[in-house]
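Asker: Predicted model and sequence follow; I will ask about them next.
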Amino acid sequence: MASTLHSFASAADLAGSLADKVADTLSAAIAARGAASIAVSGGSTPKAFFQALSTRDIAWDKVTITLVDERFVPADNARSNHLLVDANLLQNKAKAARFVPLYQPAASVEEAARLATEKSAEIGIPFDVVILGMGGDGHTASFFPGGSNLARALDASTPRSVITMEAEGAGEPRLTFTFSSLQDAALLVLHIEGEGKKDVLAKAEGSGDEAEMPIRAVLRRATSPVEIYWAP
Ligand SMILES: O=C1O[C@H](COP(=O)(O)O)[C@@H](O)[C@H](O)[C@H]1O
């Protein structure tokens with residue numbers, strides 16, 4: 001499916017415009033079905049966007065928020081994506097939203113993935129909104145180059161689920177929604193910032209193996225158009 005690049009003069013402009021687009025999409029879903037879902041990324045990029053989105057005037061009590069991926073760490077860990085969402089998105093008007101975490105306090109990451117799959121089963125078929133990020137190594141969600149479960153995560157026939165991922169560049173073991181869970185969102189966004197990420201995107205858009213730069217799976221095979229939001 002095609003992708004469209006939306007470029008902005010500043011990160012603040014991007015945050016405001018993306019927040020408006022996401023708010024419109026969630027409101028349209030609520031008008032049509034009485035509920036809406038959004039899966040967001042962690043990392044350093046989405047903070048300003050989360051803060052902008054949290055102020056938008058929508059029926060947040062009808063919105064379910066989850067993460068596209070998470071580290072296998074509790075929510076009070078500084079590296080937790082849940083902590084980032086708590087501090088920046090589940091604020092202001094968005095306090096009324098329901099949050100479904102991927103981290104589960106289980107004995108193993110495999111058990112946590114099983115529980116997260118169970119708890120997220122009723123949301124996002126498909127998600128109304130998915131916001132992906134991208135690392136400098138071309139990973140997205142926790143689809144890491146060299147990841148222990150990468151082939152399974154990227155296989156379009158793997159059922160919608162949360163699975164585990166371990167990789168050298170990942171730090172902690174990870175929990176991630178599979179490609180099949182994310183690729184058909186009504187609004188599928190890739191949010192990246194900085195010249196370095198633009199170069200990584202250009203490389204990913206060229207030829208080469210998906211396993212080397214897993215973002216290629218999304219750019220090449222997502223059934224929804226990919227809306228790329230970029231600012232310097
Ligand atoms: O590990 C992760 O990194 C990516 C990109 O993060 P950024 O700090 O370069 O913005 C993120 O999309 C993913 O959700 C996160 O777990």
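Answerer: Nice, I can see it.
Asker: dump the residue contacts of Ala59.
Answerer: By C-beta atoms under 8 Å, 6 or more residues apart in numbering, the contact list for Ala59 reads Ser27, Ile30. (Each C-beta comes from the backbone N, C-alpha and C, glycine too.)
Asker: And for Asp128?
Answerer: By C-beta under 8 Å, 6+ apart, the contact list for Asp128 reads Thr25, Leu26, Ala29, Ala36, Ser37, Ile38, Ala185, Ala186, Leu187.
Asker: So the second one, which state does it fall into?
Answerer: Reducing the assignment to helix, strand or coil with DSSP: H, G, I helix; E, B strand; the rest coil, the entry for Leu26 is helix.
Asker: can you check the third one too?
Answerer: Reducing the assignment to helix, strand or coil with three-state DSSP, the entry for Ala29 is helix.
Asker: hang on, isn't it packed against Leu187?
Answerer: No - between Ala29 and Leu187 there is no contact under C-beta atoms under 8 Å: 9.4 Å.
Asker: leaving aside the residues next to it on the chain, what's closest to Arg160?
Answerer: Once flanking residues are discounted, Arg160 sits nearest to Ser181: 4.3 Å by C-beta to C-beta, 6 or more residues apart in numbering.
Asker: What separation is there between the one you found and the ligand?
Answerer: 14 Å (C-beta to the nearest ligand atom, to the nearest Å).
Asker: next helix or strand past whatever helix or strand that residue lives in?
Answerer: Per DSSP states H and E: Ser181 is located in helix 179-182. Going down the chain from helix 179-182, the next helix or strand is strand 187-193, by DSSP H and E.
Asker: Now tabulate the contacts of Asp128 in JSON lines and tack on pLDDT, distance to the ligand and neighbour count.
Answerer: Below are these laid out as JSON lines (pLDDT from 0 to 100; distance: C-beta to the nearest ligand atom, whole Å; neighbours: other C-beta atoms under 10 Å):
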{"residue": "Thr25", "pLDDT": "98", "distance to the ligand": "19", "neighbour count": "19"}
{"residue": "Leu26", "pLDDT": "98", "distance to the ligand": "20", "neighbour count": "27"}
{"residue": "Ala29", "pLDDT": "98", "distance to the ligand": "22", "neighbour count": "22"}
{"residue": "Ala36", "pLDDT": "98", "distance to the ligand": "21", "neighbour count": "27"}
{"residue": "Ser37", "pLDDT": "98", "distance to the ligand": "17", "neighbour count": "26"}
{"residue": "Ile38", "pLDDT": "98", "distance to the ligand": "14", "neighbour count": "26"}
{"residue": "Ala185", "pLDDT": "98", "distance to the ligand": "15", "neighbour count": "25"}
{"residue": "Ala186", "pLDDT": "98", "distance to the ligand": "20", "neighbour count": "16"}
{"residue": "Leu187", "pLDDT": "98", "distance to the ligand": "16", "neighbour count": "21"}
